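Undergrad: no FASTA, just this:
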């Protein structure tokens with residue numbers, strides 16, 4: 001479990017012990033912040049038969065994790081932990097617990113039929129105990145019809161039922177969905193504090209979890225560095241267009257990497273420190289051009305997230321063509 005989730009675990013543990021946990025919860029934050037991780041932990045806590053039957057007795061045993069607050073040197077609130085050995089824990093670990101449903105879509109979006117299945121699931125009596133749980137990961141990918149179907153279940157909860165949603169794009173959720181959930185926004189550390197989480201040194205105050213794969217995986221770090229070099233050469237020498245296009249189309253992190261590279265250039269040009277600041281002459285592209293390129297990347301990224309069955313090949317080709325126009329306009333301006 002990520003260390004920055006501890007305070008949230010403590011809060012949720014108190015609510016579970018006091019029987020005050022909200023019926024519908026939404027865990028939001030940037031990609032990689034730990035939304036699914038804490039959701040899985042909470043569901044396991046709720047379903048653990050041993051923990052439920054012996055909470056009072058086990059508060060001082062292995063099923064409860066006690067942490068020491070280094071700043072105050074005082075014992076902080078205990079965090080409930082599932083036993084991992086009871087029948088319900090084993091069934092949950094094997095994805096075969098009958099009173100839990102995880103909504104999984106093999107398509108880009110979560111359709112209305114899957115949400116209707118969730119509603120029918122809660123209408124049935126629990127097989128084990130009296131509690132039922134459901135998890136909707138990437139809730140922002142629900143279609144409008146699916147989101148509207150979910151509203152009724154959120155508004156008319158059945159007894160002893162809990163619905164947990166996760167998202168890394170809460171701005172794409174219907175406001176009515178958010179208003180009917182208790183939102184827990186996960187805010188991971190940034191800058192030096194985040195780098196320390198991965199035992200790395202650095203002075204970039206802008207490092208955040210969007211760089212998680214590059215921070216924690218050496219292969220991703222090498223791939224990102226190579227892509228950054230390609231983008232530099234494309235912007236300043238019109239090279240590697242085909243290579244960049246292939247990465248944007250085929251690599252999951254391609255668009256995020258491109259956005260980070262452009263943002264780092266803007267920071268470098270403004271005199272702000274960045275990780276591995278390149279030595280390319282960023283002044284050859286003025287601030288207005290960099291801002292135009294950044295906006296083009298943002299627009300393309302937005303289409304990638306919101307348009308169903310978007311043609312990523314065409315979108316990426318169009319993006320590079322638009323960037324080329326910006327660069328050509330800059331060259332004409334310099335010549336004049």
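TA: Structure's in. What do you need? What you see is a predicted model, and the numbers here were worked out from it, not measured in a lab.
Undergrad: ok, residue 134 to residue 184 distance?
TA: Per Cβ to Cβ, to the nearest Å, residue 134 is found 17 Å from residue 184. (Glycine included, C-beta is placed from N, CA and C.)
Undergrad: look at those two and report which has more neighbours.
TA: Under the criterion of other Cβ atoms under 10 Å, the comparison of residue 134 against residue 184 puts residue 134 first, with 24 against 21.
Undergrad: show me what the helix or strand hosting the more buried one is packed up against.
TA: Using DSSP states H and E, residue 134 maps to strand 132-136. On a contact count with 3 or more Cβ pairs under 8 Å, 6 or more residues apart in numbering; DSSP states H and E, strand 132-136 meets helix 35-47, strand 100-103, helix 112-123, strand 161-167.
Undergrad: name the surrounding residues that touch it.
TA: Under the criterion Cβ atoms under 8 Å, 6 or more residues apart in numbering, residues 39-40, 43, 46-47, 99-103, 110, 118, 121-122, 126, 142, 150, 158, 160-166 lie in contact with strand 132-136.
Undergrad: ok, now with 6 Å
TA: 39, 43, 46, 99-103, 118, 126, 161-165 (Cβ atoms under 6 Å, 6 or more residues apart in numbering).
Undergrad: of the residues you listed - the most surrounded one?
TA: residue 165 leads these on contacts (other Cβ under 10 Å) with 28 neighbours.
Undergrad: ok, that one - contacts?
TA: Contact partners of residue 165, counting by Cβ under 6 Å, 6+ apart, are 26, 136, 139.
Undergrad: how near is the second one to residue 2?
TA: Just to be clear, that refers to residue 136. For residue 136 relative to residue 2 (Cβ to Cβ), the value is 21 Å.
Undergrad: re the thing from before, drop anything exposed from the contacts of residue 165.
TA: 26, 136, 139 (16 or more other Cβ atoms under 10 Å).
Undergrad: pLDDT score assigned to residue 72?
TA: On pLDDT, residue 72 comes in at 36.
Undergrad: go on, residue 17?
TA: pLDDT, residue 17: 89.
Undergrad: how many neighbouring residues does it have?
TA: Residue 17 sits with 15 neighbouring residues when counted by other Cβ under 10 Å.
Undergrad: okay, it and residue 52: tell me how far apart.
TA: Distance, residue 17 to residue 52, using Cβ to Cβ: 11 Å.
Undergrad: what about residue 297, which helix or strand?
TA: Secondary structure (DSSP H and E) places residue 297 in helix 287-306.
Undergrad: just checking, what packs against that helix?
TA: Applying 3 or more Cβ pairs under 6 Å, 6 or more residues apart in numbering; DSSP states H and E, we find helix 287-306 packed against helix 254-269, helix 312-335.
Undergrad: buried ones in that helix?
TA: Neighbour-count burial for helix 287-306, counted by 16+ other Cβ under 10 Å, picks out 289-290, 292-294, 296-297, 300-301, 304.
Undergrad: picking that back up, need the helices and strands packed on strand 132-136 in a markdown table with mean pLDDT and distance to residue 314, can you?
TA: Output for those, formatted as a markdown table (pLDDT from 0 to 100; distance: least, Cβ to Cβ, whole Å):
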| stretch | mean pLDDT | distance to residue 314 |
| --- | --- | --- |
| helix 35-47 | 95 | 31 |
| strand 100-103 | 94 | 30 |
| helix 112-123 | 93 | 28 |
| strand 161-167 | 95 | 27 |
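Undergrad: let's have these in a markdown table, adding distance to residue 235.
TA: Below are the helices and strands packed on strand 132-136 laid out as a markdown table (distance: least, Cβ to Cβ, whole Å):
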| stretch | distance to residue 235 |
| --- | --- |
| helix 35-47 | 34 |
| strand 100-103 | 42 |
| helix 112-123 | 43 |
| strand 161-167 | 33 |
